[in-house]
Structures are given as structure tokens and as C-alpha cells.
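Trainee: Structure, please.
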Amino acid sequence: MSKGKVVLAYSGGLDTSVILKWLQDQGYEVICFIADVGQNDDFEAARVKASSLGATKVYVEDLRKEFVTDFIFPAVKVNAIYESRYLLGTSLARPCIARRQIQIAIAEEAQFVSHGATGKGNDQVRFELTFYALAPNIQVIAPWRDNSFIESFKGRSDLLAYARAKGIAMPSGDKPPYSMDDNLMHISYESGDLEDPASAPQETIYTKTDPRESWPDTPETVRIEFRDGTPVKASSQATGESHTDPLELYLFLNQVAKRHGIGRVDIVENRFVGIKSRGVYETPGATILRCAHIDIEGVAMDREVMRLRDMLSPKFSELVYNGFWFAPEMDFLLAAVDKSQELIDGWVDVVCFKSNCMAVARSSPTSLYSADLSSMENVDGYQPSDAGGFIRINAVRLKAHRKILLATDRERLASAAPIGTTYAAVLESDKTDKMAKKYYC
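Mentor: Got it, this is the predicted structure:
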């Protein structure tokens, strides 16, 4: 008798194929779900393989467009970046995939969902927090945390032996030298010789950016248009090619960035589970989009709104990285970000060249920039003499602080004076301070 239905996130690879058969051995009816988020996979071959291994149903879902509109573009609007360098390509894909997996589980009235994420990584957290947020009563089978599974499969040789016994088609060729996660936003490389942070990656590792020797010697300019902070059009000034469909727009920018080697990052990051890991990433199109979006905000966003939004960006990135996309705090942040993006309209020209991109021109119908106010010659509406009062007002507390320091015992200051602070300045200039007391206090 079946223990119930389980919807398995299936890739067609060795691990998830073994998990499929293992679940069947445990007495479950397995429905396979294959998510297309833009990775370079043969989805038809994976579908046929899952069916041949006994999956009662196989869903192959094209999630590329919703990945762009529902996850990548909101991240662009908040200028999301984790630990100052990682643009969250894997982190953003996981809730997109897990959301559809739960939708299928509900439609199929399945009691269980399963995935092939390891017990040491972030992905197990990202998948399962989404599962529980969207279907609180769902039960999760995580084989790589199951003691009996781990005992049976202590290494790749055990997986291969089981695959042979169960008639699972074996992967041809050598095992890939790295653990990779691929989608239309990025590709990541981990493990292998990359586990030594002192070891530089080989140029041959890169797949979403062209080799250095092929990067063009001529810069390429792309224009990106925004409405309410969302990219709505991208075009090449050289070829005239342009796209307004979100998915096509994004894929176009990926190709431009690929030609010019844009979007490579090599970092050691902090996983949510408490482990540091080294990763090499390629995030081509998003790197251009982030450059352009930051620039259009420069002319169209109010200063204080920008400061508040910039305070929210690190928290947003942390929540995405840690798997809390479907959480009340994320709902709050997304609402705040959307409000900050109202009337962030206009276009930005970005020059792409030799692994770099730079915004060089911009225009916005809602621009807060005034050439007249910024001019060193035209003073209409702004009197330079007004700046004197502005400076004096801001100096009031600085003067008061200086008086307090001058009146404080020098030994007390010495015990609490880091080099370069106003405390140290008092200690280093007692002679000058005598004169300061006489003339300036």
C-alpha cells in the first residue's frame, strides 16, 4: 500500500534519479516536477528519464518569465546585493521553483514534497521555508538529512552502484569538477579546487561570459528604460535591436554582458547555516541592470527616500539569501520598495567594455536634477550667501562638543581616545587649544 504522493523536484541528474527510486522503494508514489528557470538542460530528456524510472506524472514547467518579473525585477528595484558582491541568482530562483512545486502538490493532493538539496547548504532552507509558508501542513522528505539514506549513500560510488542496480542511466564522462547551479540570472561554481580560496579559477570555468581574449576592443552602449523602477525596454544603439518583453529584455542584456565579460564575481560568503563557502559567480544581465537602476535613481529619487530605501536593501538581501521570500517582513519590505519606486522613470545609457559597465547618460521626465541650481554660474533661486547660515547651524553641535573636550581631564581623554578622533586632536594640540580657548570659544 502506498504511503502517499510525493512531488519531487527533479533535475534528471544522478542524485535526484536515485532519490526518485529510493522514494519508490520506501513505498511512495512519485510525481516529478522539472523547473525551467533558464538553465542549460535537456528538459525533454529529463522528462523521458523520469517516466522511464516510474514517475506516475512528470511536470515540466517553464518558469522563466515569472522568474524575471516576480523575483529578479523586484530585486533590481531594491538594488539587492548580499555581502556587497553577490547578486543572489540562486537565492532568487529557489522561491520561484518551490512556489510552483507547492502549487503542483496542492493540485495533485500530495501530502509530501521532496528535494535533493544537501544537509549543509542554504538551498534546503530556501526550499522548505517556502514550502511551509505556502502550505503549512505539507510534509517534507529531505533524503540528504535522512539517516537511512545517508547510511546507504556515503559517497558517489554508492550512488552509482544503486543506479546500476535500478537501471538508472549513468552519467557519461567524468564527474564535473565543480558543483554548479545554473539559471537565466546566473551560474555558480563551488567545491573542487575552488574549496581552496587561494586557488584562482581557470579561465575555462566560465560559461555565461566569453573568454578574455574574445572581449571586443570596441565599447557597446545599451539604453535601458524604466517605469516605476521596473525595466521596460532595452536597446542597442549600435544595432537598433530592442526588447520590451521582460524575458526577452533580460536575455538580450545577458548576451550583451556575455560578449564583454561582465558579471564575474569570486567571493567567500557566509551561509545561513553558519558555514563560510567560496563561490564563483557569473551574473551578466543583472549586473548591467543594477548599474542602470542605481543611476536612474540618482536623478529621479528623493534624497531622504533613497536613504531610507538604502537602509532596507541589506535586510532585503539577507532575507532573500536566507530563504524568507514568503514572509510577513518581506511583504512589508516589498511594499515599501514599491512605494519608493513610484515615478522612477526614464532611460540610462550604459557603456559595456572589457568586463565593466558604466552609466554615461540619463534622462527622466520626473528628474529632480536642476541644471540651473547645479550651475556654478546661475544662482537664480539659490543664493550662495545662504550657505553661510546653513554651515553655522550645522556647526553648533560641533562647537559644543569641542568645548566639552577642552574642559575634560586629559587623562580621561587619553584612556578613551582612538587615533584620529576629536579626542586625540585635543591631546595632540594642547598648545593650540590654549589659543583656541582665547579666540574661538
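
Trainee: in the protein, which helix or strand is least confident?
Mentor: None of the helices or strands of the chain scores lower by mean pLDDT, DSSP states H and E than helix 430-439, at a mean of 56.

Trainee: Next, work out how far apart residue 269 and residue 121 are.
Mentor: 12 Å (CB to CB, to the nearest Å). Placement of C-beta: from N, CA and C, glycine included.

Trainee: Check residue 46 too.
Mentor: When distance is defined by CB to CB, residue 46 is 22 Å away from residue 121.

Trainee: cool, residue 71 as well?
Mentor: Using CB to CB, residue 71 is found at 19 Å from residue 121.

Trainee: neighbour count winner among those two?
Mentor: More neighbours surround residue 71 than the other of residue 71 and residue 121, with 23 against 19 (other CB atoms under 10 Å).

Trainee: So what does that one look like in phi/psi?
Mentor: As for residue 71, its main-chain torsions (degrees, to the nearest 10) stand at phi -130, psi -50.

Trainee: Residue 210 now?
Mentor: Note on residue 210: backbone dihedrals following degrees, to the nearest 10 are phi -70, psi 160.

Trainee: what are the ranges of the helices in the stretch 301-441 of the chain?
Mentor: Secondary structure of the stretch 301-441 of the chain (DSSP state H, counting those that start in this stretch): helices at 303-322, 328-340, 371-374, 386-406, 410-414, 422-428, 430-439.

Trainee: Any chance of a markdown table for those, columns mean neighbour count and distance to residue 18?
Mentor: Shown next, in a markdown table, are the helices of the stretch 301-441 of the chain (neighbours: other CB atoms under 10 Å; distance: least, CB to CB, whole Å):
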| stretch | mean neighbour count | distance to residue 18 |
| --- | --- | --- |
| helix 303-322 | 16 | 28 |
| helix 328-340 | 15 | 34 |
| helix 371-374 | 10 | 64 |
| helix 386-406 | 11 | 66 |
| helix 410-414 | 12 | 67 |
| helix 422-428 | 15 | 64 |
| helix 430-439 | 11 | 76 |
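
Trainee: where among those is the average confidence lowest?
Mentor: The weakest mean pLDDT among the helices of the stretch 301-441 of the chain belongs to helix 430-439, with a mean of 56.

Trainee: From residue 158, how far off is the residue nearest in space to the middle of the chain?
Mentor: When CA atoms, centre = their mean is applied to the chain, the residue found nearest the centroid is residue 88 (1.8 Å). Computed as CB to CB, the residue 88 to residue 158 distance reads 34 Å.

Trainee: Ok, residue 421 next?
Mentor: Taking CB to CB, one finds residue 421 at 60 Å from residue 158.

Trainee: so where's the stretch 51-200 of the chain uncertain?
Mentor: Filtered on pLDDT under 70, the stretch 51-200 of the chain yields the residue ranges 171-174.

Trainee: Which parts of it are strands?
Mentor: 57-62, 112-114, 139-141, 179-182, 187-190 (DSSP state E, counting those that start in this stretch).

Trainee: Reformat these as a markdown table; add mean neighbour count and distance to residue 309.
Mentor: Output for the strands of the stretch 51-200 of the chain, formatted as a markdown table (neighbours: other CB under 10 Å; distance: least, CB to CB, whole Å):
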| stretch | mean neighbour count | distance to residue 309 |
| --- | --- | --- |
| strand 57-62 | 17 | 32 |
| strand 112-114 | 24 | 35 |
| strand 139-141 | 16 | 35 |
| strand 179-182 | 17 | 29 |
| strand 187-190 | 21 | 27 |
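
Trainee: would you turn these into TSV with distance to residue 222?
Mentor: What follows is the strands of the stretch 51-200 of the chain, written out as TSV (distance: least, CB to CB, whole Å):
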stretch	distance to residue 222
strand 57-62	26
strand 112-114	40
strand 139-141	43
strand 179-182	24
strand 187-190	21
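
Trainee: mind checking which of these is nearest residue 242?
Mentor: strand 57-62 (23.4 Å; CB to CB).

Trainee: helices or strands next to the closest one in the packing?
Mentor: Packing contacts for strand 57-62, counted by 3 or more CB pairs under 8 Å, 6 or more residues apart in numbering; DSSP states H and E, involve strand 29-36, helix 43-52, helix 89-107.

Trainee: please redo it, this time with the cut-off set to 10 Å
Mentor: Helices and strands touching strand 57-62, by 3 or more CB pairs under 10 Å, 6 or more residues apart in numbering; DSSP states H and E, are strand 5-9, strand 29-36, helix 43-52, helix 89-107.

Trainee: one step back: looks like the residue nearest to the centre of the chain contacts residue 82 (just checking).
Mentor: Yes. Residue 88 lies in contact with residue 82 (CB atoms under 10 Å); the separation is 5.6 Å.

Trainee: list residues touching both of the two?
Mentor: Common contact partners of residue 88 and residue 82 (CB atoms under 10 Å, 6 or more residues apart in numbering): 316-317, 320-321.

Trainee: Return the member of these nearest to residue 147.
Mentor: For the shared contacts of residue 88 and residue 82, the closest approach to residue 147 (CB to CB) belongs to residue 321, at 28.4 Å.

Trainee: any idea how far residue 185 is from that closest one?
Mentor: To residue 185, residue 321 is 14 Å away according to CB to CB.

Trainee: Likewise for residue 308?
Mentor: From residue 308 across to residue 185, the span is 27 Å (CB to CB).

Trainee: The stretch 51-200 of the chain: helices as residue ranges?
Mentor: 64-67, 73-77, 89-107, 123-134, 147-152, 156-166.

Trainee: Phi, psi for residue 385 please.
Mentor: When read as degrees, to the nearest 10, the backbone of residue 385 gives phi -60, psi -20.

Trainee: In contact with the nearest residue to residue 219 once chain neighbours are set aside, which residues?
Mentor: Distance criterion CB to CB, 6 or more residues apart in numbering; nearest residue to residue 219, sequence neighbours excluded, is residue 353 at 4.0 Å. The contact partners of residue 353, by CB under 10 Å, 6+ apart, come to 215-221, 260-262.

Trainee: now, which of these lie within strands?
Mentor: Secondary structure from DSSP state E places 220-221 of the contacts of residue 353 in strands.

Trainee: Just the buried ones from the contacts of residue 353, in PyMOL syntax?
Mentor: Buried residues within these, by 16 or more other CB atoms under 10 Å, are selected in PyMOL with:
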select buried, resi 215+220+221+260+261+262
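
Trainee: quick one: which of the contacts of residue 353 is nearest to residue 37?
Mentor: residue 262 (20.8 Å).

Trainee: Which pLDDT value does the model give the closest one?
Mentor: Reported pLDDT for residue 262: 98.

Trainee: With the one 10 residues further on instead?
Mentor: We note a pLDDT of 85 for residue 272 in this prediction.

Trainee: For stretch 228-246, buried residues please.
Mentor: Of all the residues in stretch 228-246, those buried under the rule 16+ other CB under 10 Å are 229-232, 234-236, 243, 246.
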